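>>> sequence below, structure please.
(chains A and B)
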Amino acid sequence: MAAFDIVGKGVPRTDARAKATGSATYTDDIKLPGMLHGRLLRSPVAHARILNIDTSRAKALPGVKSVITGADIPPVRYGNWRLFPNLQDEYALARDKVRFIGDEVAAVAAVDRDTAEEALGLISVEYEELPAVFDVDAAMRRGAPLVHDEVEGNVSLDRKIRYGDVESAFKEADYVRKDTFTVQAVSHAYLEPCSSVAQCDQDGRITLWTSTQVPYIVQCLLASTLKMRENDIRVIKPTVGGGFGGKMELRPWEFCAAFMARSTGKPVKFTLTRREELATGRRRHPMKLISKVGFKKDGTLLAKDLKILLDGGAYNAMGPTATFLCGNFGAMLYRYPAYRFLGLHVYTNKPPASAMRGFGAPQSLFASETQMNLAAEELGIDPIDLRLKNAQVPGDEIPDVATISSCGFRECLENVAVMSDWKKKRKSKKKGYGVGIGCYSFISGGVFNWFNTQYAFSTAEVRAFADGTVHLLTMASDIGQGSDTVLKQILAEELGLAMQDIRLTTADTAMTPQADLGTWGSRVTLMAGNAVIDAARQIKEQLFGAVSARFNLNVIYDLECKGGRVQAVGKPERGVSFGEAVAMVQKTNRGKALVVRGSYTPRRKGLVTPAFSFGAQVAEVQVDQRTGLVDVKNMWTAHDCGTVINSKSVEGQLEGSLHMGLGYALSEQLVMDGGVTVNDTFLDYKIPTALDMPHGVSACVPTYEPEGPMGAKEAGEGMVSPTAPAIADAVHRATGYRCMDLPITPEKILSGMKNKG
Amino acid sequence: MKHVIELKVNGDSYQVAVDPWRTLNEVLREDLNLTGTKLGCGTGDCGACTVLLDGRTVSSCLTLAVEAAGKDIRTVEGLAPSGEELHPIQEAFIEEGAIQCGFCTAGMELSAKYLLDRNPAPTEREIRASMSGNLCRCTGYDKIVAAVDAAARKMK
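Here you go, the predicted structure:
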């Protein structure tokens, strides 16, 4: 493996100082002259026909500059699945029907927020309430009310995967089990509420500053919904306070800000409240998962038959991708000679579910990992041994899904067993005590082009200067995960420069090169990283040519960029500083600046992802036998993320994953009463605090991913998945209660213990 | 009726006319353009809006501006001694990797200052308890706890 100067180090984040001093600018911090404040009127009912909207009183309120409804905007439906227009099912403001409590019905822009809020109360909407459906079973029942009149049976999309002979495999099996699991809706709970500011210049171009993970997607969909051209829209991503999948679509307030900025000639800002975020915002899909697996007596897996019903809420959002992916994840980790998957994305009259950290994996893996633990128990095999027996290895092919390149799964299992002292702890008979295991595999970005982009998936422009610095321009979006720093590290490493020699401009659709699909599915390090390397190598080729000519080097000489110099390998005296080399190229080209563009689009990598990461996690719990409260003492994690680019960032991602995984396992749930999200504050929606966190120890299993930049692949998203099944397994050892229905609450534990006697 | 009040923020005095229902958070962010203080929930649950009022942490989203009149208000902008120098807490947050999206950072740093002003050598448990009113969705808190610990040692 190559030795690196900057890659692998825990280099402090590029934006840390700005964030530490409070000077980093988030969208809601932006204030423009004459700016108006927008608010949205949302549906108070889960399903209804809109008979009439009267905005006259709101429009007459002094200070109100614009009131719009679905009737005022172009009737253009949008959605991220642009490749299949029939899946684009949303209007920025409702037309004819509302489909969930919180569906956007009208928007107001006024001189201040209080006036806008007051105006909302003056809009009268006449609804004809319709029967509604609130879970997948009700939605799929014959004769159920239709959420979208044109979608029969409320199933908006199905996904099938099938390979091997599933039926005969089950016949051959010595041991077959079938289980049903359910998982709850949870919130991204990013700390920064969504915010957008739009401005229309005198030339007609709209600039939108918005808290987004996907500036390019917002630009394109804003253009189509406003009936403008893409180049008439400029989207800028300021500093973003977290996303986790919740900010990866065009949203109604982005559209309304832009539309109203154009119609009023004044900048318009929308910022959501936390209540809006929790009560009406995107969430992780609740799912019902029915899984059947067959083994030989010795524990060899023979087949799996998996059916997943996704409770999508009222619109598709990123549900189709989650439907595809949860089927793919069902086939990961272990070798299933025969596999069948049916995924159904079901509409209900609830706030739409969408992408959230793990993108189908937390749900799918909670089921398959819990089922492995159940099977291990009944087969009388240690759960780690059962996993080792069936673990995927490099080179494994999964029909319809992928070929696995780098894979350190076996090593992860072996490591985590040693780290946690598994064999000994697992035998412990201490009352209320248990250890349990869960594992994961995850993608490093997606291949399937559902957005139907016409550009490369990631692009990077590098401009080199005679003063020895470079400027990196990319649409890649840092939303807190640290990609700005990682991309700088990759470029610095390739060009032999220091971090401070690199200037960075990112995520501005007018200034950075077309295009980048955004931050989701753990795609940025691999895809934007590869685009940066492509650009860096083009720069190097030109610098090497100039240095080669200057020193009259034999053509067989190897050159390098190292320590701020461009030189013959092993002969630093035959070389010049980086800046001098740039000046030489510039002179050779008669003053033309040294500017290159690199790009990356995955090819020959199947339809799912260019690379998979792997990991295994052990949880140690102590359960209070009287109260059912779970105290998670320790978590041991071994993971395979390929080359580590930034050690501090990888650790931070893992620690953050543990936080989100812990909440998913024990404390987080958007509680629904019909279509109402009951717990819409952070007092009632409980994300773990600093006191709730277990002690965590992690280890990286070294692998090298040939498709990744410098060998890197995904880190920190997949890790959110193993925590819930690991804790559930530990709780089972501690109490006898086996959780098949997340989250694990004291109430469920106590009644589970009682039933066990 | 608006009240004309004097707010002393980071040592500077500002005279502002405010409606009696406006929060300190709104006045800091909107009238004084001190946007380093964030608004994460508006209900006093997340701690992102934490500022120091006469040395004590308060949720600026639940504090009326008129209540803060005449008191010593400290925000993240007043933490560093100058544009070039940082407060040891800020240095530690940067060095330990305690910052990801950064939206909770200002509130975290001020909660850390409150703790370290009273307890210069807190245990890990004390740090976790003292910071438990500040939510973070990115870091899992480990590096924040490490940063507070590192800051305590720097400030000795």
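>>> point out where the stretch 351-500 of chain A drops to low pLDDT.
Residues of the stretch 351-500 of chain A meeting the criterion pLDDT under 70: A:400.
>>> who in it is up against chain B?
Residues of the stretch 351-500 of chain A lying near chain B by Cβ under 8 Å from any Cβ of the partner chain: A:479-482. Any C-beta I mention is one placed from the backbone N, CA and C, and that applies to glycine too.
>>> what's the local residue count around the nearest residue to A:V701 once chain neighbours are set aside?
With Cβ to Cβ, 6 or more residues apart in numbering or on different chains as the criterion, A:V701 has its nearest non-adjacent residue at 3.9 Å, and that residue is A:G408. When neighbours are defined as other Cβ atoms under 10 Å in any protein chain shown, A:G408 has 25 of them.
>>> is it true that A:G408 touches A:D640?
Yes: using Cβ atoms under 8 Å, A:G408 makes contact with A:D640 at a distance of 3.3 Å.
>>> now do the shared contacts for those two.
Residues touching both A:G408 and A:D640 by Cβ atoms under 8 Å, 6 or more residues apart in numbering or on different chains: A:614, A:701, A:703.
>>> assign the first one to helix, strand or coil.
The three-state label given to A:F614 by DSSP: H, G, I helix; E, B strand; the rest coil is strand.
>>> how is the chain carved up into domains?
In the absence of a named chain, chain A is used. Domain assignment for chain A, taken from automatic domain parsing, gives A:16-22+A:457-600, A:31-130+A:191-242+A:247-280, A:353-448+A:606-749.
>>> should've been chain B
Split by automatic domain parsing, chain B gives B:3-77, B:88-155.
>>> return the most buried member of those.
Highest mean neighbour count of these: domain B:88-155, a mean of 23 (counted as mean count of other Cβ atoms under 10 Å in any protein chain shown).
>>> how about it and chain A, any contact?
Yes: against chain A, domain B:88-155 shows contacts by Cβ under 8 Å from any Cβ at B:90, B:93-95, B:97, B:99-106, B:109, B:127-129, B:131-145.
>>> now do the contacts for B:P122.
Contacts for B:P122 were tallied using Cβ under 8 Å, 6+ apart; they are B:115-116, B:130, B:148-149, B:152.
>>> how far away is it from chain A?
12 Å (Cβ to the nearest Cβ, to the nearest Å).
>>> top of the shared contacts of A:G408 and A:D640 by neighbour count?
A:F614 (30 neighbours).
>>> residues in contact with it?
The neighbourhood of A:F614, defined by Cβ under 8 Å, 6+ apart, consists of A:333, A:392, A:407-409, A:412, A:439-441, A:639-640, A:718.
>>> list the ones among those that fall in strands.
A:439-441, A:639-640 (DSSP state E).
>>> wait, which of those residues is closest to chain B?
Proximity of those to chain B (Cβ to the nearest Cβ) peaks at A:H639, which lies at 14.5 Å.
>>> give the bridge partners for the nearest residue to the closest one once chain neighbours are set aside, please.
Counting by Cβ to Cβ, 6+ apart, A:G615 is the residue found nearest to A:H639 once chain neighbours are left out, at 3.4 Å. Note on A:G615: beta-bridge partners A:Y440, A:H639, judged by DSSP bridges.
>>> is A:G615 in contact with A:V720, as I believe?
No: counting by Cβ under 8 Å, A:G615 stays clear of A:V720, with 10.7 Å between them.
>>> tell me the contacts of the closest residue to A:W81 other than its chain neighbours?
Residue nearest to A:W81 in three dimensions, not counting chain neighbours: A:L87, with 4.1 Å by Cβ to Cβ, 6+ apart. By Cβ under 8 Å, 6+ apart, the contact list for A:L87 reads A:79, A:81, A:156-157, A:316, A:320.
>>> which members of those residues define the maximum pairwise distance?
Between any two of the contacts of A:L87, the greatest separation by Cβ to Cβ is 11.4 Å, found for A:G79 and A:L157.
>>> just want the residue of chain B that's nearest chain A.
For chain B, Cβ to the nearest Cβ, closest residue to chain A: B:G36, 2.0 Å.
>>> ok so B:L28 is a strand residue?
No: counting by three-state DSSP, B:L28 is not found in a strand; it is helix.
>>> next, the contact list for it, please.
Applying Cβ under 8 Å, 6+ apart to B:L28 gives the contacts B:9, B:34, B:37, B:51, B:60, B:73, B:75.
>>> ok, 10 Å please
The contact partners of B:L28, by Cβ atoms under 10 Å, 6 or more residues apart in numbering or on different chains, come to B:7, B:9, B:14, B:34-37, B:39, B:49, B:51, B:60, B:63, B:65, B:68, B:73, B:75, B:77.
>>> this completes my enquiry, with thanks.
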